[in-house]
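Participant: turn this into a structure:
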Amino acid sequence: MSTEITSQCKGCAFAETGECPAGKSFPGGPLRRVARKRFEPGEEIYKDNETPNTVAIVRSGWAMQSVPMKGGGRQILTFLVTGDVFDQDAVMLTQTPTMFASSALTPTEVCFFSIDEYRARLQGDIRSRRYAKRHIRRHQALMAKHMIDIGRRRAPGRLAGFLLELRQRLSERGLMREEAMPFPFTQEDIADALGLTHAHVNRTLKDLRQTGVIEYSPGSLRILDVAALAALAPGAIPIA
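Facilitator: Numbers count the residues shown, from 1 in each chain. Down below sits the predicted model:
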């Protein structure tokens, strides 16, 4: 069960960034936070086809959006990190349900903000509209990249593209340290995100380790050779 957290924003590093709706530098001014909750791994944050009544943003931890497959299994569409908004499209448009289920991958804290205040800002403040459009375009770019990776790349290229994407996104949030990143994924998570088998993921990670491209241990991954990763995913471009 999710746990309500009553602590204030004071002392929260994310609140001081321009990405947090509670921060002073948020486009259009700070929004009213209505709740902050902690979700345990595997716990559902949003059901698919659920109409949101708040703006939800990852404060810490990792979440994911996924689609259950008939006959079992799942397709993970994207992983969400600190600062990511849950389903911006559904937030912007009234009476619009979420398209995909969202759940916690790790212990995850989510802050919930007033959706009415946010929608009012979108109507009257160009900075807020730019913020929303940027998040939507980023999500669209990620979805397009994932389609290309799954449809056009072999296992090494898919995994390389995935690691380069994480490197960029985590760097933007200040979560990379000397090319090392938190890496909370099981091999099953990676397989379900990249459309590979567990065996493919295991073999490809092993190959990248043995050739000196990455160092990998449970919970952490360090990129040792960015150029080698980029060569495995030719044509991959930074996410705008």
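
Participant: mean confidence for the longest helix along the chain?
Facilitator: Under DSSP state H, the helix in the chain containing the largest number of residues is helix 126-152. Average pLDDT, helix 126-152: 86.

Participant: how near is the residue nearest in space to the middle of the chain to Phe100?
Facilitator: Closest residue to the average C-alpha location of the chain: Leu80 at 1.7 Å, with Cα atoms, centre = their mean. To Phe100, Leu80 is 11 Å away according to Cβ to Cβ, to the nearest Å. (Glycine included, C-beta is placed from N, CA and C.)

Participant: now the common contact residues for these two.
Facilitator: Common contacts of Leu80 and Phe100, defined by Cβ atoms under 8 Å, 6 or more residues apart in numbering, comprise Gln65.

Participant: give the contact list for Asp189.
Facilitator: When contacts are counted by Cβ under 8 Å, 6+ apart, Asp189 touches 64, 76, 105.

Participant: how near is it to Gly161?
Facilitator: For Asp189 relative to Gly161 (Cβ to Cβ), the value is 16 Å.

Participant: what about Glu215, neighbour count?
Facilitator: Using other Cβ atoms under 10 Å, Glu215 has 14 other residues around it.

Participant: excluding chain neighbours, what is closest to it?
Facilitator: Leaving aside its chain neighbours, Glu215 sits nearest to Arg222 (4.3 Å; criterion: Cβ to Cβ, 6 or more residues apart in numbering).

Participant: right, and the one you found touches Phe183 too?
Facilitator: No: assessed by Cβ atoms under 8 Å, Arg222 is found out of contact with Phe183, at 9.1 Å.
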